[in-house]
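1. Quick one, fold the following:
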Amino acid sequence: MLSHIALQTAADTRIPALGALDSLASNAVKVFIIISGFVITHLLLERKERYLPYITRRWLRIYPIYLICLAAGIIATYLHFAAFAGHPWGHWVPQPDLIAHEAKSLQGPGLLWHLLAHLTLLHGAISNHVLDVSEYMFLGPAWSLSLEWQFYLIAPLVIYGLRSQSGRILLALTTVLAYAAYRRGSLGDFIDPSFLPGAGLYFATGIATRAGFAKLPALSTYPLALIILAAGSLLISHELFPFVFWAAFIAWMRLDDPTDALSVGIARALDCALDSRSARFLGIRSYSTYLIHEPIIHALVYACIRVFSLGMWQTIVATLFLAPALTLLAAVALYRAVEAPAIAYGKRLFHEAA
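-> Down below sits the predicted model:
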């Protein structure tokens with residue numbers, strides 16, 4: 001959210017240090033992709049349910065609230081165009097190239113094609129050569145949701161392949177070769193890894209961790225020295241950050257009754273950050289937060305510029321204070337009114353105790 005506030009108000013161009021937020025946000029999404037590989041693998045291994053109940057419940061989990069946020073995102077997209085029409089801040093326009101590409105891509109039949117792509121939730125798999133800015137249109141953060149849906153569709157087949165040695169080798173080769181083809185541009189042009197081959201290594205990390213989780217040793221001491229050494233790899237490439245973070249997270253999950261003061265302190269800090277009441281409250285509503293925050297930012301920026309005639313810095317400050325509060329309120333309401341009922345219905349539909 002903070003990254004998108006900086007991007008959508010051009011604060012990152014006025015304060016270059018804020019550009020680091022974009023890198024942090026990108027890495028956070030990649031960590032989420034790893035977690036998704038872990039969690040979906042766990043679900044399929046533990047429940048062993050048929051494909052129809054599995055995919056229907058996944059659809060009910062993500063689609064109803066996505067549809068509402070998509071409608072809000074469509075309106076907010078045009079508000080965003082209107083807010084910066086005529087360059088009210090001179091040359092300080094947030095992501096001018098992206099705005100230009102989006103506006104051009106929506107001309108003529110483009111709007112219909114983008115709507116159809118988004119309604120299938122496969123918009124992230126469409127190359128910019130085929131439908132420009134498909135992954136970002138209307139609801140920018142939903143590029144990763146499209147990626148998730150692509151993974152959900154084939155995840156049972158992937159888990160089935162893990163049952164044999166030959167299956168695991170085939171999956172590993174397919175993942176690496178598809179990723180190589182993606183990086184070479186052979187599969188099209190994408191801004192973020194919104195197409196499954198581009199994120200295969202992240203999903204594979206989560207899948208492999210869950211598949212071998214029971215064989216990992218329990219830890220009585222948090223391996224801080226090893227984590228620090230692993231973090232040193234970030235000096236080589238920041239793209240390794242999600243994997244280092246994941247290693248630190250798994251070490252925390254395997255930490256069992258630590259006795260030394262350092263490990264106890266680390267365990268308490270991570271418990272507070274990841275397993276406290278407030279963390280769980282926000283975590284449960286994180287999907288709603290993730291989808292609705294950008295339309296709220298766009299609407300706020302429009303109101304600041306076109307309704308209240310605020311300047312750039314006034315708009316930045318107002319958005320910084322109002323967007324998180326309004327997003328949290330909206331996320332709580334959406335979770336209660338849409339997300340939780342849809343999840344409960346999916347459980348009832350297949351006679352599972354809520």
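
2. Beyond the host helix or strand of residue 58, next helix or strand please.
-> Per DSSP states H and E: residue 58 is located in helix 51-84. Under the assignment DSSP H and E, the closest C-terminal helix or strand after helix 51-84 is helix 96-105.

3. Which residues outside stretch 114-125 are in contact with it?
-> With contact meaning C-beta atoms under 8 Å, 6 or more residues apart in numbering, stretch 114-125 is reached by 62-63, 66, 70, 105-106, 126, 131, 134-135, 137-139, 142-147, 149-150, 190, 194-196. Glycine gets a C-beta too; all of them are placed from N, C-alpha and C.

4. can you give me phi and psi for residue 219?
-> phi -110, psi 130 (degrees, to the nearest 10).

5. now the stretch 201-350 of the chain, which segments are flagged as low pLDDT?
-> For the stretch 201-350 of the chain, no stretch has pLDDT under 70.

6. Now do the helices in it.
-> Assigned by DSSP state H, counting those that start in this stretch, the stretch 201-350 of the chain shows helices spanning 224-231, 241-253, 261-275, 277-284, 286-302, 312-334, 340-349.

7. Show me what the second one is packed up against.
-> In terms of contact count using 3 or more C-beta pairs under 8 Å, 6 or more residues apart in numbering; DSSP states H and E, helix 241-253 is assigned the packing partners helix 19-47, helix 196-211, helix 224-231, helix 261-275.

8. give the contact list for residue 160.
-> Residue 160 neighbours (C-beta under 8 Å, 6+ apart): residue 167.

9. helix or strand for it, which one?
-> Using DSSP H and E, residue 160 sits within helix 142-161.

10. quick one, that helix and helix 51-84 angle?
-> Computed by axes from the mean of the first three to the mean of the last three C-alpha atoms, to 10 degrees, the angle separating helix 142-161 from helix 51-84 equals 160 degrees.

11. What's the first helix or strand after helix 142-161?
-> The helix or strand immediately downstream of helix 142-161 is helix 165-184, counting by DSSP H and E.

12. what about stretch 12-19, average pLDDT?
-> For stretch 12-19, mean pLDDT is 87.

13. got the CA coordinates for it in CSV?
-> Output of stretch 12-19 as CSV, limited to C-alpha atoms (Å, rounded to 0.1, in the frame of the first residue of the first chain):
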residue,chain,number,x,y,z
ASP,A,12,8.7,8.4,-5.4
THR,A,13,9.9,10.8,-8.1
ARG,A,14,10.1,13.8,-5.8
ILE,A,15,11.8,11.7,-3.0
PRO,A,16,14.0,9.1,-4.8
ALA,A,17,14.6,7.2,-1.6
LEU,A,18,11.0,6.1,-1.7
GLY,A,19,11.9,4.0,-4.7
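
14. which residues are in contact with it?
-> Residues outside stretch 12-19 that contact it (C-beta under 8 Å, 6+ apart): 6, 11, 21-22, 92, 94, 312, 316.

15. With stretch 69-86 instead?
-> Stretch 69-86 is contacted from outside by 8, 93-94, 99, 102-103, 118, 137-139, 142, 291-292, 294-296, 298-299, 301-302, 305-306, 334, using C-beta under 8 Å, 6+ apart.
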